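Visitor: my questions are about this predicted structure, shown below with the sequence.
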Amino acid sequence: MIKTDEIKTAWVSRDWRKSEKPWGHEMSWSSCSAGHGKLLFIRKGFRTSLKYNPQKNESLLILSGRLSVTFGDELSLSRPNLNPMKTEMLEAGDCLHVYSCCPYRLKALEDSEVIEIGNFINDAPVRIEDDYGRADKKST
């Protein structure tokens, strides 16, 4: 016999938050199994921190606009000569997949919307560089 408190189900959630950021704003929500989603609005000419997440993997889907993305692998910060950062242009429909410990930064060339899906919702990013004075004192 199946216990009713063990049945998997779908559900509706209206629990989301809007957070103002120096580069625009984000709307975030929680999802299944400690995952989360965000809708980022990045204003033209602004950029996010150069950062990495110690545990969280992320996938970013560009909904609208154009962005320049700078990204690297997990050794790009400690061995930049052997593992240099790369820069590419992204536009609507493009995806960026970022594993934990891999640095990246988004710069909006136009007002842009980005969906970000990640795991480890409580994993705080490590900011390496930031245009708004939010960089961490220590970086790897």
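Guide: Great, that's in hand. Owing to the predicted nature of the structure, the values given are computational and were not obtained by experimental measurement.
Visitor: what about the residue positioned nearest the centre of the chain, which SS state?
Guide: When the chain is reduced to its mean C-alpha position, the nearest residue by CA atoms, centre = their mean turns out to be residue 116, at 5.5 Å. The assignment at residue 116 comes out as strand when based on DSSP: H, G, I helix; E, B strand; the rest coil.
Visitor: correct me, but it touches residue 37?
Guide: Yes. Between residue 116 and residue 37 a contact is recorded at 6.8 Å, counting by CB atoms under 8 Å. Using the backbone N, CA and C atoms, a C-beta is placed for each residue, glycine as well.
Visitor: give the contact list for residue 134.
Guide: The contact partners of residue 134, taken as CB atoms under 8 Å, 6 or more residues apart in numbering, are 22, 49, 127.
Visitor: returning to what we had before: and the residue nearest to the centre of the chain, what pLDDT?
Guide: We have a pLDDT of 96 for residue 116.
Visitor: just say helix, strand or coil for the closest residue to it other than its chain neighbours.
Guide: Beyond its immediate neighbours in the sequence, the residue positioned closest to residue 116 (CB to CB, 6 or more residues apart in numbering) is residue 38, lying 4.3 Å away. Secondary structure assignment for residue 38 (three-state DSSP): strand.
Visitor: try the one 3 residues further on
Guide: For residue 41, the secondary structure call by three-state DSSP comes out as strand.
Visitor: and the residue lying closest to it once chain neighbours are set aside, what are its bridge partners?
Guide: Leaving aside its sequence neighbours, residue 41 sits nearest to residue 24 (CB to CB, 6+ apart; 4.2 Å). Residues found in beta-bridge contact with residue 24 (criterion: DSSP bridges) are residue 21, residue 42.
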